[in-house]
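[1] sequence? don't have it. structure:
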């Protein structure tokens with residue numbers, strides 16, 4: 001992935017994504033590229049971190065990508081043709097895929113933990129508001 005990170009900043013920006021998609025044989029329009037980034041850009045910085053890049057494959061595996069989207073094209077490009085790559089290439093690919101899946105599992109656990117934390121914070125906020133309303137009612141009478 002980050003062999004396409006020409007700026008060596010740890011992110012794939014719009015132009016780097018454009019170059020990557022062209023080299024992978026699935027060129028996209030400018031608007032298509034912007035939509036690809038927008039769909040997985042969790043921090044809204046207009047570029048893809050490694051975590052956001054992994055999210056593409058997570059969404060593809062979960063069936064959350066439109067079949068004709070640029071992200072689905074990118075996810076499909078991660079498949080391998082053993083006849084073309086040979087057994088060693090396939091072995092390397094599947095080892096990398098296992099590594100990516102274990103990263104994806106860690107990613108899912110992190111997402112779940114973040115969601116649980118948000119739910120706990122929201123519940124605390126609701127309880128504080130209810131307590132405030134009760135106190136307000138006592139002092140208003």
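    Perfect, I can see it now. Note that the coordinates shown come from a computational prediction; the quantities given were computed from them, not determined experimentally. Numbers count the residues shown, from 1 in each chain.

[2] where do the helices sit along this structure?
    14-23, 30-40, 50-61, 70-76, 82-140 (DSSP state H).

[3] Which of the ones you listed sits closest to residue 8?
    With CB to CB as the measure, helix 14-23 is the member of the helices of the chain nearest residue 8 (10.5 Å). No exception for glycine: its C-beta is placed from N, CA and C like everyone else's.

[4] Which positions within stretch 12-19 qualify as buried?
    Neighbour counts over stretch 12-19 (16 or more other CB atoms under 10 Å) mark 12-13, 16-18 as buried.

[5] mind putting the helices of the chain in JSON lines, mean pLDDT and distance to residue 3 included?
    Output for those, formatted as JSON lines (pLDDT from 0 to 100; distance: least, CB to CB, whole Å):
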{"stretch": "helix 14-23", "mean pLDDT": "88", "distance to residue 3": "9"}
{"stretch": "helix 30-40", "mean pLDDT": "92", "distance to residue 3": "18"}
{"stretch": "helix 50-61", "mean pLDDT": "83", "distance to residue 3": "12"}
{"stretch": "helix 70-76", "mean pLDDT": "83", "distance to residue 3": "15"}
{"stretch": "helix 82-140", "mean pLDDT": "74", "distance to residue 3": "13"}
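
[6] Present these as JSON lines; the columns should include distance to residue 7.
    Formatted as JSON lines, those follow (distance: least, CB to CB, whole Å):
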{"stretch": "helix 14-23", "distance to residue 7": "7"}
{"stretch": "helix 30-40", "distance to residue 7": "15"}
{"stretch": "helix 50-61", "distance to residue 7": "14"}
{"stretch": "helix 70-76", "distance to residue 7": "20"}
{"stretch": "helix 82-140", "distance to residue 7": "23"}
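
[7] re the thing from before, between the buried residues of stretch 12-19, which is nearest residue 47?
    Of the buried residues of stretch 12-19, the one sitting nearest to residue 47 (CB to CB) turns out to be residue 13, at 4.4 Å.
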